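Enquirer: generate coordinates for the sequence data below:
(2 chains)
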There are 2 protein chains.
Amino acid sequence: MSRKDWRRPALEPLADNLRRIKITVSYDGSAFHGFQRQDNGESVQESIENALKDMKLAVTVQGSGRTDSGVHALGQVCHFDIPKSSTIPAERFKLALNTKLPKTIKVLSSEEVDGSFHARFTTMAREYRYFAKEMNSSLPFDEKYVGLFKRLPDIAILNRYAAILQGTHDFTTFSSARDISPSKYRDIYESIWSKETDRFNQCVYCYKVVGNAFLYHQVRSMVGTMIEAGLLGESEEEFKERLESKLRSKALRTAPPEGLYLARICYDEAEYAWFEEE
Amino acid sequence: MSRKDWRRPALEPLADNLRRIKITVSYDGSAFHGFQRQDNGESVQESIENALKDMKLAVTVQGSGRTDSGVHALGQVCHFDIPKSSTIPAERFKLALNTKLPKTIKVLSSEEVDGSFHARFTTMAREYRYFAKEMNSSLPFDEKYVGLFKRLPDIAILNRYAAILQGTHDFTTFSSARDISPSKYRDIYESIWSKETDRFNQCVYCYKVVGNAFLYHQVRSMVGTMIEAGLLGESEEEFKERLESKLRSKALRTAPPEGLYLARICYDEAEYAWFEEE
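Expert: Sure, this is the predicted structure:
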């Protein structure tokens, strides 16, 4: 099931008496038990809903997707519907929410959208970043914000594996036992490693991956397996066999959540076309 | 009192039955109530002393200087003296301490030194970095690690002020009422602003300052005053008058502690000569 045949659930029309607000949010995942509301700890969703409740708006916040405990967001997108009787300008929500939210969540923008927009069901692409460093050269500031590894392989070998992951594949190998998607096919449009320098002048590996959607734990499993395979000196052929085996036992490792950032959600036809061209 | 006439206290000789260990340490200042041991909260010094106590070494840790609550270290230097009967190789302390310390403190290196080394009294130069960002473009990850300002002036004007601070001056203007140094003269060898890019591709201002020593709150007061003066569009002459007034009331602002990092302590004659050349 590639993006082209992706059957989106039919969107329910937005009731006449409602307005839909879209917000883009960054959060420090180390402060929350994941995005989604749950019983055993504070979630990002609950925090935003509580801030809206303070504004006398008892609504449910719909995210583009969940993020696990410890996973961060640079640009998570959410929407919520408020009664038309509430005349707060959409742009005001950014400031209003930021004054009420803990400092570990920041609303980057807010705007009004119509009923054809749905944070989860109208996404065109999702972009994640994974930051990795060797433990030896890490600083205390990396602990909750970078995935730490005993050793990292050469970036060239990681990029040979990353190229194999690009395209439309059945990603069962990199799925979690807890993934319940009926199809394990996903499209990956971009999959590339780069070396960055942080503000302490230290080298950080950065993996950028853009796809239509991802299975539960897929990005972390791909990152962990690429790194382990690289340290083992596996050939591209061997790595490809792991992907094609469709056996979860062929994944070598799940990278820790601290290094993962939900970077961007794309809803735009124009941006979608840009991905198409590659 | 410039570096050349700096009267160091005479060092007490190291007793024959003792070994001196030097460690270089990075810590996340947001997790501690400053470097120095105190009653009202956990300090970095106490944490290291507790880790040593776990190794059956009841010793006092001497740092190169204090850092305030919230201020970070990339390369704080400390020493402690242990009995010669303890045969642990000096290099082992790095690993041994790191397994016992909280993850917010990391020993970067450990080595044996002789009695002519003293973490505080034999320093040649201290280097600080201050990272600053505009609030609007900040992310939740910056909250405890970058100084946030409503607005930042052009970097060129900041560098004109920074050049004025370089050299040997009476820095009373930028001192705290709590500073008890008999002389307010200090040497600044390097004082420069640069624009860096963090791993999220965001612009961060970085102020690098190297000096023989600093008054209490001096770096934060210089940073805050340069930024405010820049926003006011002050001329270099006006800024120079602030410095030369030797009046604490002429400092405009103390920058928040979160942006400040003790970056490096220099004990080396060769490095000292390098500063000299500038």
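Enquirer: show me how chain A divides into domains.
Expert: A:11-113, A:125-277 (automatic domain parsing).
Enquirer: make a markdown table out of those domains and add mean pLDDT.
Expert: Below are the domains of chain A laid out as a markdown table (pLDDT from 0 to 100):
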| stretch | mean pLDDT |
| --- | --- |
| domain A:11-113 | 95 |
| domain A:125-277 | 93 |
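Enquirer: dump those into TSV; add mean neighbour count as well.
Expert: All C-beta atoms are positioned from the backbone trio N, CA, C, and that covers glycine. Output for the domains of chain A, formatted as TSV (neighbours: other Cβ atoms under 10 Å in any protein chain shown):
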stretch	mean neighbour count
domain A:11-113	18
domain A:125-277	18
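Enquirer: and residue A:45, what helix or strand is that in?
Expert: Following DSSP states H and E, one finds residue A:45 within helix A:44-54.
Enquirer: who in chain A is up against chain B?
Expert: With the criterion set to Cβ under 8 Å from any Cβ of the partner chain, chain A comes near chain B through A:26-28, A:72, A:74, A:103-106, A:131, A:138-141, A:143, A:145, A:196, A:198-200, A:204, A:206.
Enquirer: and the next element down the chain from the helix holding residue A:45?
Expert: Immediately after helix A:44-54, counting by DSSP H and E, sits strand A:62-63.
Enquirer: partner strands of that following strand and their direction?
Expert: Sheet partners assigned to strand A:62-63 using DSSP bridges are listed as strand A:72-83 (antiparallel).
Enquirer: taking helix A:44-54 as reference, get the angle to the partner strand.
Expert: 40 degrees (axes from the mean of the first three to the mean of the last three Cα atoms, to 10 degrees).
Enquirer: output strand A:72-83 as CSV, nothing but the C-alphas.
Expert: C-alpha atoms of strand A:72-83 as CSV (Å, rounded to 0.1, in the frame of the first residue of the first chain):
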residue,chain,number,x,y,z
HIS,A,72,10.8,15.2,21.2
ALA,A,73,9.0,17.4,18.6
LEU,A,74,10.3,20.3,16.6
GLY,A,75,7.1,20.7,14.7
GLN,A,76,4.2,18.4,15.8
VAL,A,77,0.9,19.6,14.3
CYS,A,78,-2.5,19.4,16.1
HIS,A,79,-6.0,20.7,15.6
PHE,A,80,-9.0,21.3,17.8
ASP,A,81,-12.5,22.5,17.1
ILE,A,82,-14.1,25.3,19.1
PRO,A,83,-17.6,26.8,19.0
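Enquirer: heading C-terminal from it, find the next helix or strand.
Expert: Using DSSP H and E, the first helix or strand after strand A:72-83 is helix A:92-100.
Enquirer: and that following helix, how far out from the chain's middle?
Expert: With Cα atoms, centre = their mean, to the nearest Å as the basis, helix A:92-100 stands 23 Å off its chain's centre.
Enquirer: what helices or strands is it leaning on?
Expert: strand A:18-27, helix A:44-54, strand A:105-113 (3 or more Cβ pairs under 8 Å, 6 or more residues apart in numbering or on different chains; DSSP states H and E).
Enquirer: run the last query once more with 6 Å
Expert: helix A:44-54, strand A:105-113 (3 or more Cβ pairs under 6 Å, 6 or more residues apart in numbering or on different chains; DSSP states H and E).
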